[in-house]
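Chemist: Build me a model from this:
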Amino acid sequence: MSVKQGLMALLAEGPMYGAQLRAEFEERTGGTWPLNVGQVYTTLSRLERDGFVEATGEADAEGRISYRLTEAGAAENATWWTTPVDRDSTPRDELTIKLALAVTVPGVDVRAVAQTQRTATLKHLHDLTRLKQQVVARQREDETEPSHPGAPDHDLAWLLVLENLIFSAEAEVRWLDHVETRLHREALRPRPQPTTDGERAAGGARTAYDDEPEPTTTRGARR
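Modeler: Down below sits the predicted model:
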């Protein structure tokens, strides 16, 4: 996700300074995509340059400057919500690249590469599932306690992120199973054997006369 768009979405709720934006971003996404303060302020500077945000005033006693969306920034944020994410561009996936290269590089055990990754992905999937169970349990506890109307549901946000990661991990395991099946079929597929010099010699050498047509016998030919 674009950090620029994420920060603008948060600023649509009201003015914030860099550390606040970082904390809110990480809390709402479960820390899945951590940001550093330097990255946040660099992005804010670019947004200010482009006219999407502006400082609310002078720095406070701790040197912090709050930012808010401009009218242009609010319009840009509204456009982002209504525009689908571009899926036409193919992202670079390290695992896909690794396996694609493994089948072409001599000496690489492609099956071992796939099996090692499958084991790691299953462990990752198990960890994600455990985290999801913890979030769901916390949600159930919160149902018994009064909540502040209009307060952001951070657990729901984190749950959506977790479920996306779980579905992605499940899809990766299925794809790795498919890779192993494909490799097995490929290993069983018959391939033509190269012809040796001896086999070519045994086939007999052709001469110019080999291509001449056989003479035909004409009925009633003169003796």
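
Chemist: any chance you could map the strands in the chain?
Modeler: Ranges of strands in the chain, per DSSP state E, are 53-55, 67-69.

Chemist: Can you list the buried residues in the first one?
Modeler: The neighbour-count criterion (16 or more other Cβ atoms under 10 Å) identifies Val53 as the buried residues of strand 53-55. Heads up, the C-betas are built off the backbone N, CA and C, glycines and all.

Chemist: Direction included, what does it pair against?
Modeler: Strand 53-55 pairs in its sheet with strand 67-69 (antiparallel), by DSSP bridges.

Chemist: sorry, back to before: so which of the strands of the chain comes closest to Ala23?
Modeler: strand 67-69 (14.7 Å; Cβ to Cβ).

Chemist: what does the closest one contact?
Modeler: 8, 11-12, 14-17, 44, 47-48, 52-56, 77 (Cβ atoms under 8 Å, 6 or more residues apart in numbering).

Chemist: mean confidence for that strand?
Modeler: For strand 67-69, mean pLDDT is 96.

Chemist: number of nearby residues for Val103?
Modeler: 13 (other Cβ atoms under 10 Å).

Chemist: Test my guess that it contacts Asp109.
Modeler: No. Val103 lies out of contact with Asp109 (Cβ atoms under 8 Å); the separation is 10.9 Å.

Chemist: list the residues that contact both of these two?
Modeler: With Cβ under 8 Å, 6+ apart, Val103 and Asp109 have no common neighbours.

Chemist: The chain: helices as residue ranges?
Modeler: Taking DSSP state H, the helices of the chain run over residues 3-11, 18-28, 37-49, 71-82, 94-102, 110-142, 154-188, 197-202.

Chemist: which other helices and strands contact the third one?
Modeler: Using 3 or more Cβ pairs under 8 Å, 6 or more residues apart in numbering; DSSP states H and E as the contact criterion, the elements in contact with helix 37-49 are helix 3-11, helix 18-28, strand 53-55, strand 67-69.

Chemist: One more: the fifth one?
Modeler: Using 3+ Cβ pairs under 8 Å, 6+ apart as the contact test, the elements touching helix 94-102 are helix 110-142.

Chemist: mean confidence for the helix it packs on?
Modeler: pLDDT averaged over helix 110-142 gives 93.

Chemist: With distance to Leu21 added, can I get the strands of the chain in CSV?
Modeler: As requested, these are exported to CSV (distance: least, Cβ to Cβ, whole Å):
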stretch, distance to Leu21
strand 53-55, 10
strand 67-69, 8
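
Chemist: Reformat the helices of the chain as CSV; add distance to Glu62 and mean neighbour count.
Modeler: Output for those, formatted as CSV (distance: least, Cβ to Cβ, whole Å; neighbours: other Cβ atoms under 10 Å):
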stretch, distance to Glu62, mean neighbour count
helix 3-11, 20, 20
helix 18-28, 10, 18
helix 37-49, 13, 16
helix 71-82, 25, 14
helix 94-102, 41, 13
helix 110-142, 32, 14
helix 154-188, 25, 14
helix 197-202, 84, 9
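
Chemist: Could you export those as CSV, including distance to Ile65?
Modeler: What follows is the helices of the chain, written out as CSV (distance: least, Cβ to Cβ, whole Å):
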stretch, distance to Ile65
helix 3-11, 13
helix 18-28, 8
helix 37-49, 9
helix 71-82, 16
helix 94-102, 38
helix 110-142, 34
helix 154-188, 26
helix 197-202, 81
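
Chemist: Tell me which of those sits nearest to Gly63.
Modeler: Short answer: helix 18-28, nearest of the helices of the chain by Cβ to Cβ, at 10.7 Å.
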